[in-house]
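Participant: okay, predicted coordinates and the sequence, questions at the end:
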Amino acid sequence: MNIFQQRDLKYIWHPCSQMKDYEDFPPVVIERGKGAYLYDVDGKSYLDAVSSWWVNLFGHANDRINRALSAQAQKIEHVIFANFSHEPAIDLAEEIVRITPAGLSKVFFADNGSSAVEAALKMSFHYHQQTGRSGKTKFAAVTDAYHGETLGALSVGDLDLYSKIYKPLMMNTFRAAGPDCYRCPYGENRGTCNAECFETMARMVMDHADEICGVIIEPLVQCAAGMKIYPPVYLRKLRELCTRHHIHFIADEIAVGFGRTGKMFACEHAGVTPDIMCLSKGITAGYLPLSQVVTTDEIYSAFYADYAELKAFLHSHSYTGNALACAVAREVLHIFQDEDVLARNEVKARMISEKAAKWFDGHPCVGEYRQLGMIGALELVADQKTKAAFDWRKRVGYGIYRIALTKGVLLRPLGNVIYFMPPYVVEEEDIEKMVQVAFASINQYFDL
Ligand SMILES: Cc1ncc(COP(=O)(O)O)c(C=O)c1O
């Protein structure tokens, strides 16, 4: 253990970690980054195949973003966002309204993904309280959902690993069996199905429509559940159902927004406009914490009244609308425009799928390779015929992660799912390395 690691472990409690694991596998202490690569204090490089928790879009230490950040720092770093505003936030909100699905017209700022989800849930609940449907006090969601780790966000999520112990603290959520395309109980195929699995959501919503204020969903990819990809028809059905029952369709685009799925926002694949859309992560391309809740005039209007009516949405965070983060996000959107990012990503996404096929077709441990845009995932299985998963206690993904790090690639599997979610600046040789190292690491782990 080097001196940085010793000092780290003396003082720091890391997220999403069993700290005891660090005894024989201390944290990698990063000194700098450039493009798709990270460099540790000993000079070893790591290809960041997970975009540092799905946030980085245009590489580490990006020159354009650095300049925008530094220029903004010379002007104003942060100002209270109640009664005050600033140009980066105004420019950003205007542009977000322009590029999000038609009908979304107002932007509420927060400062991380979970806090955007909290604000969205409160906004939806509050709207119904103020529009004569006060019986609508609960939310609906799907199995395997992940919306963050504050208590409200955990309540609508469904990954026991993160939430089970906190159940006594959480609100009750209606939960429908979500799409599970790899193990489809209807024997259908995500390429051709009509989202037959939607029937459980439809039934649940019809049975409880008077109690439900909103349905929250991760459009097209349930990332934390293992990059579970499902077809757009599910979202179209959900849109229609929500409209029919005065229920908000809340799209959590925190992980999939900003080009990850091949379109700027995943909802575009289905041609739907949600009532509320949560954005974060890629919005600042991995530079600074920032999030947004984007909504409609109709929802906004329910809060707009004389002060004494006490209808205002009084939700706030100290760092709401941080000027540095907004200036960075504004530059991120300029980069999307100037550098034709979505078109270039199409080529890179094709490279990822070709290389995945080259290395993994016929691999004995791979149950499924699935991909949407710049998200690719290999689901490893103990038995390809039965699709039986490896016992979680084996920590298969963790073992592969450790091997891949020694080979210079940061893959951070989700259970038995090894995924690729690189920054958009990866070049062909980086993609080859990413997929080849995944292959070599899996084979080394299984002794193949
Ligand atoms: C879909 C989704 N929603 C919400 C969150 C929570 O965001 P944050 O980690 O910034 O709180 C995440 C984080 O991974 C996410 O993937």
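Facilitator: Looks like it came in fine.
Participant: helix or strand right after the helix or strand hosting Leu9?
Facilitator: Using DSSP states H and E, Leu9 sits in helix 3-11. Using DSSP H and E, the next helix or strand after helix 3-11 towards the C-terminus is strand 30-34.
Participant: okay, Lys407 and the ligand: tell me how far apart.
Facilitator: Computed as C-beta to the nearest ligand atom, to the nearest Å, the Lys407 to the ligand distance reads 25 Å. For every residue, glycine as well, the C-beta is placed using N, CA and C.
Participant: which pLDDT does the model give that residue?
Facilitator: Note on Lys407: pLDDT of 98.
Participant: so who does it touch?
Facilitator: Applying C-beta atoms under 8 Å, 6 or more residues apart in numbering to Lys407 gives the contacts Val437, Ala440, Ser441.
Participant: could you list which of those residues belong to strands?
Facilitator: Nothing among these maps onto strands, per DSSP state E.
Participant: may I see these organised as TSV, with distance to Val328 and pLDDT added?
Facilitator: Below are these laid out as TSV (distance: C-beta to C-beta, whole Å; pLDDT from 0 to 100):
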residue	distance to Val328	pLDDT
Val437	30	98
Ala440	36	98
Ser441	34	98
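Participant: what is the least confident helix or strand in the protein?
Facilitator: Every helix and strand in the chain was compared by mean pLDDT, DSSP states H and E; the lowest is helix 160-163, with a mean of 94.
Participant: next, count neighbours for the residue in the chain that the ligand sits nearest to.
Facilitator: For the chain, the residue closest to the ligand is Gly113, as judged by C-beta to the nearest ligand atom, at 2.0 Å. Counted with other C-beta atoms under 10 Å, residues neighbouring Gly113 total 28.
Participant: wait, Glu95 sits on Leu333?
Facilitator: Yes. With contact defined as C-beta atoms under 8 Å, Glu95 and Leu333 form a contacting pair (5.1 Å).
Participant: and Ala93, what is it in contact with?
Facilitator: Applying C-beta under 8 Å, 6+ apart, the residues near Ala93 are Val107, Gln292.
Participant: my bad, should have said Val50
Facilitator: Leu410, Leu411, Arg412, Tyr419, Met421, Pro422.
Participant: from these, which is closest to His208?
Facilitator: Using C-beta to C-beta, the shortest approach to His208 within the contacts of Val50 belongs to Tyr419, at 34.1 Å.
Participant: in space, what's closest to the closest one - neighbours in sequence excluded?
Facilitator: Ala377 (4.1 Å; C-beta to C-beta, 6 or more residues apart in numbering).
Participant: sorry, back to before: need the contacts of Lys407 in a markdown table (columns: distance to the ligand).
Facilitator: Listed next are these as a markdown table, based on distance: C-beta to the nearest ligand atom, whole Å:
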| residue | distance to the ligand |
| --- | --- |
| Val437 | 23 |
| Ala440 | 28 |
| Ser441 | 23 |
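Participant: could I get these as CSV with neighbour count?
Facilitator: Formatted as CSV, the contacts of Lys407 follow (neighbours: other C-beta atoms under 10 Å):
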residue, neighbour count
Val437, 23
Ala440, 16
Ser441, 23
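Participant: okay, the residue nearest to the spatial centre of the chain: pLDDT?
Facilitator: Among the residues of the chain, the one closest to the centroid is Ala255, at 1.7 Å (C-alpha atoms, centre = their mean). Among the per-residue scores, Ala255 shows a pLDDT of 98.
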